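1. Here you go, sequence then predicted model.
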Amino acid sequence: MRILIVNKSLIPVTLYGGTERVIWYLGKELSKLGHKITYLVKNGSTCDFGTIIPIDDTKDIIEQIPDNVDIVHFNFSPPNIDQIKKPYIVTMHGNANTTNELNINTVFVSKNHANRFGSESYVYNGLDWEDYTKPNLTTKRDSFHFLGKAAWRLKNVQGAIDVIKGTKAERLKVLGGTRLNISMGFRFTTSPRVTFYGMIGGTKKDAILNKSKGLIFPVKWHEPFGLALTESLYYGAPVFGTPYGSLPELITEEVGFLSNKKADLVNAVSNVSSFSKKTCHDYAVENFNSKKMALSYLDKYETILSNQKINLKSPQLIAPLKNKFLDWY
């Protein structure tokens, strides 16, 4: 099959870039399975297992789709998508809080994500764990971590800091933010038990996760999926987060604890030794790998190529949120 993957981004990614990481590993796995991969992405992208077509920002994205592909996999919904002459699907990676109808061929990234839009169509994000540093599940763990765009108040890095400060002596390493953040209302954290690492990736990030006792992830929105969850679990770090979005679906009681109450998370974090690093690692490897993701998307491609639609009707958000932030006590 000749597959075109489209996204307005640069690949490969070295630091933060959830969608970019997912589409890279998707294409890589599909290539291993014998399919011909082409990316329509930002100029400057490179790929050793597929062809790159640089996006021309002066032209409509639909006009740039080559004739010699069998199916197009969009990772955003471009204008005039209904004018495309090729079979296509659209993966929605983020959230929306409007009741606008989405494209009928939309695929979501978790069951909760899909259900909130009246859909049953989803594919879990998968990663190529061979690209990650092999975890040492017997190494001594020295702190907890937060992983995500800390500048987003929805991610609630302040909540993660408050959980750690609620313990007797635990420490937190924040990956993805700075101690001083004026854009968040001049946030400045003075606690010596909190260390900020900014936007890091690769082996530096792996090394921190490999020495982490667990991920503190008290998000205040419906997380669509959350690569921070699966990456942390891969390194044997259980997840302590809020029961929103994909988290109740992905985080079982064997690999984490969920509550929107700080006191509950403080208590759970204090009992982190009750979780098995190996159980967390095995769970991530088995359920959230890139081959499993690729095979699931192939099923979606086959549905489209057999002249069927992904959804019976156009997905539409069932219950828009009245408040920007979900409850955190």
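-> It's in. Numbering: from 1, shown residues only.

2. helix/strand/coil for residue 307?
-> Three-state call for residue 307 (DSSP: H, G, I helix; E, B strand; the rest coil): coil.

3. do residue 113 as well
-> Taken by three-state DSSP, the conformation at residue 113 corresponds to helix.

4. Tell me how many other residues crowd it.
-> Using other CB atoms under 10 Å, residue 113 has 24 other residues around it. C-beta coordinates here come from the backbone N, C-alpha and C atoms, glycine included.

5. now do residue 73
-> The number of residues packed near residue 73 is 27, by other CB under 10 Å.

6. Equivalent analysis for residue 20, please.
-> Residues near residue 20, counting by other CB under 10 Å: 21.

7. Correct me if wrong: it contacts residue 14.
-> No: in this structure, residue 20 is not within contact of residue 14 by CB atoms under 8 Å, at 9.7 Å.

8. Report the contact partners of the nearest residue to residue 78 once chain neighbours are set aside.
-> Excluding the flanking residues, the one nearest residue 78 by CB to CB, 6 or more residues apart in numbering is residue 61, at 4.5 Å. Counting by CB atoms under 8 Å, 6 or more residues apart in numbering, residue 61 touches 6, 40, 55, 78-79.

9. Select from those every entry located in strands.
-> Residues of the contacts of residue 61 located in strands (DSSP state E): 6, 40.

10. from the contacts of residue 61, which would you call buried?
-> Among the contacts of residue 61, those classed as buried by 16 or more other CB atoms under 10 Å are 6, 40, 55, 78.

11. which regions of the stretch 151-300 of the chain sit below the pLDDT cut-off?
-> Applying pLDDT under 70 to the stretch 151-300 of the chain flags residues 151, 177-188.

12. Run through the strands of it in chain order.
-> Applying DSSP state E, counting those that start in this stretch to the stretch 151-300 of the chain gives strands spanning 172-175, 180-181, 187-188, 194-198, 212-217, 239-241, 256-258.

13. need those strands in TSV with mean neighbour count and distance to residue 149, can you?
-> What follows is the strands of the stretch 151-300 of the chain, written out as TSV (neighbours: other CB atoms under 10 Å; distance: least, CB to CB, whole Å):
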stretch	mean neighbour count	distance to residue 149
strand 172-175	23	10
strand 180-181	14	11
strand 187-188	14	14
strand 194-198	17	11
strand 212-217	27	12
strand 239-241	26	15
strand 256-258	22	21
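
14. mind putting the ones you listed in CSV, distance to residue 65 included?
-> CSV is the format used below for the strands of the stretch 151-300 of the chain (distance: least, CB to CB, whole Å):
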stretch, distance to residue 65
strand 172-175, 37
strand 180-181, 40
strand 187-188, 44
strand 194-198, 37
strand 212-217, 38
strand 239-241, 39
strand 256-258, 41
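
15. Can you tell me which of the buried ones among the contacts of residue 61 has the lowest confidence score?
-> pLDDT across these is lowest for residue 78, at 93.
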